[in-house]
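Trainee: model this:
(one chain, ligands or ions: 1)
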Amino acid sequence: MTFLEPLSFDIVIIGGGAAGFFTAINAAEMAPEAKICILERGKDVLTKVRISGGGRCNVTHAEFLPKELTKNYPRGEKELRGPFHSFMTGDTIEWFEKRGVPLKIEDDGRMFPESNSSETIIDLFLKESKRLKIEVLAKRAVQDVQLHNDRWQIETSQENFTAEKILVATGSNPKMWEMLKDLGHNIVPGVPSLFTFKITDARIKDLPGVATNAVVRLRDKKLETSGPLLITHWGMSGPAILKLSAWGARELSDKKNFEIEVNWLPELSPEEISEELQRLKKENAKQSPHKYAQFELPKRLWQSLVNASGIGAEVRWADLNKQQLEELTKQLSCGTFQVHGKSTFKEEFVTAGGVELKEVNFKTFESRVCKNLFLAGEVLNIDAITGGFNFQNAWTGGYLAAKAMTTDSAV
Ligand SMILES: Cc1cc2nc3c(=O)[nH]c(=O)nc-3n(C[C@H](O)[C@H](O)[C@H](O)COP(=O)(O)OP(=O)(O)OC[C@H]3O[C@@H](n4cnc5c(N)ncnc54)[C@H](O)[C@@H]3O)c2cc1C
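Mentor: The predicted model follows:
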């Protein structure tokens, strides 16, 4: 505890990450006279932005309908609908472009700075903070926050601060969740989301790099996702798997081993697959099923599934018996795989959990528990699948919080 007079601000932003900077810059533009500072625990700010999207920063996703956009949030889907009507993808694109950082769309809808470098985003945030005279103070770990006489008292590892309004944008930091709990909030415990699956299985052992569209299902559960599936050295990854990890984050959190079903031919029913196999049996009678890939599957994957159905390379289509055909249909439409662990997805990972959403007013991102305390970004129990949606949550929350913090009372 220091005995120096606390430093006084109108708005103190706790956390120098994506949500913190976006809020600070917008608030400073909306209320140029307001005294604003950002307190960051680390020696550098914006560290996650730097490593995001494999160093390219996947800023947002080219989805322009609020209802469709919300479908990418396993937690926060309902709550973000309103906020997205006020600030979403189009606004994000315009916001960055207006400040000299045009974004580009990739084939899968992900949007990146044209420079292909997250440094462009960091440079912009730092330049804007300087221009708007926002004090950015690193190495200030916030240790306690209390309300005294309608002003927030913020204790850090160095000086103390006071502010009329604060924004907590500390991501998934457990200590800050504890602090918010002490202030009366309920916290949904954090669990990892966006992970890939470790699978040791002869069917995929020699196929790293093979990718195809598939539907993946948690066995015995209703949860299923679709999209590109990538076979890796350690198991399976790609959007279909990452989506399943996000939607199933909570239910998989305490499981190391679980079973998934993979449908390698999502456009066809098992009956249609079976009919097609019968046709191939007749028409390609003298050929080995191994010779040509069918159903436009990658050749090595097709061969591996044929093998797994007990069909050797010497067998001809004409020789396939009922059991082999049934097994091949099963391998193609609902192959079971044992998952025996989770691996971090290097390009993007997030934590599910955070401040209970019913305790937040989603028009303003103000806490319903503490007046003049605002929350944005991953500190909330909101997270998305991979693709730029997590940052969009930070931008939307940051923008609306900035607006609310600067449009009433003294600030
Ligand atoms: C490797 C990786 C890649 C990613 N890539 C993408 C991507 O391309 N696109 C996408 O949409 N999402 C991506 N994400 C997710 C995205 O980075 C987060 O959702 C986003 O950063 C959340 O922003 P935030 O401001 O809420 O939290 P953070 O960015 O985590 O910022 C919180 C800040 O608060 C600080 N802090 C914590 N405690 C204190 C304290 N007590 N006092 C002061 N400061 C404190 C932290 O040091 C940190 O700087 C990625 C995540 C990872 C890990």
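
Trainee: switch to C-alpha atoms for all contacts and neighbour counts from now on
Mentor: Fine.

Trainee: now do stretch 29-41: distance from first to last residue.
Mentor: 25 Å (C-alpha to C-alpha, to the nearest Å).

Trainee: could I get the buried residue list for that stretch?
Mentor: In terms of neighbour count (16 or more other C-alpha atoms under 10 Å), stretch 29-41 has its buried residues at E29, A31, P32, A34, K35, I36, C37, I38, L39, E40, R41.

Trainee: and the average pLDDT for it is what?
Mentor: Averaging pLDDT along stretch 29-41 yields 98.

Trainee: cool, and stretch 124-132?
Mentor: In this model, stretch 124-132 has an average pLDDT of 98.

Trainee: what of stretch 266-285?
Mentor: In this model, stretch 266-285 has a mean pLDDT of 96.

Trainee: and it, what's buried?
Mentor: Neighbour count says stretch 266-285 has P266, P270, I273, S274, E276, L277, Q278, L280, K281 buried, by 16+ other C-alpha under 10 Å.

Trainee: give me the contact list for the one helix or strand the fourth one maps to.
Mentor: In this case it means S274. Using DSSP states H and E, S274 falls within helix 270-283. With contacts defined as C-alpha atoms under 8 Å, 6 or more residues apart in numbering, helix 270-283 is touched by W317, A318, L320, L325, E326, T329, K330, S333.

Trainee: show me what the helix or strand just after that helix is packed against.
Mentor: Using DSSP H and E, the helix or strand that follows helix 270-283 towards the C-terminus is helix 299-308. Identification of packing neighbours for helix 299-308 by 3 or more C-alpha pairs under 8 Å, 6 or more residues apart in numbering; DSSP states H and E yields helix 322-334.

Trainee: and the helix it packs on, how far out from the chain middle?
Mentor: With C-alpha atoms, centre = their mean, to the nearest Å as the basis, helix 322-334 stands 35 Å off its chain's centre.

Trainee: then stretch 180-187?
Mentor: Counting by C-alpha atoms, centre = their mean, stretch 180-187 is centred 24 Å from the centre of its parent chain.

Trainee: ditto for stretch 140-147
Mentor: The answer for stretch 140-147 is 28 Å, by C-alpha atoms, centre = their mean.

Trainee: ok, that stretch near the ligand or not?
Mentor: Yes: Stretch 140-147 reaches the ligand (C-alpha under 6 Å from any ligand atom) through R140, A141, V142, Q143.

Trainee: interface residues of the stretch 251-400 of the chain facing the ligand?
Mentor: Residues of the stretch 251-400 of the chain lying near the ligand by C-alpha under 6 Å from any ligand atom: 346-350, 377-379, 388-391, 394.

Trainee: tell me which of these fall in helices.
Mentor: Secondary structure from DSSP state H places F389, N390, F391, A394 of those in helices.

Trainee: buried ones from these, can you make that a PyMOL selection?
Mentor: The PyMOL command for the buried members of these (criterion: 16+ other C-alpha under 10 Å) is given here:
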select buried, resi 389+390+391+394
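
Trainee: can the ones in helices among the residues of the stretch 251-400 of the chain next to the ligand go into TSV with extra columns for distance to I204 and pLDDT?
Mentor: Converted to TSV, these look like this (distance: C-alpha to C-alpha, whole Å; pLDDT from 0 to 100):
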residue	distance to I204	pLDDT
F389	30	97
N390	31	97
F391	33	98
A394	37	98
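
Trainee: quick check: the two most widely separated of the buried residues of stretch 266-285?
Mentor: P266 and K281 (21.8 Å; C-alpha to C-alpha).
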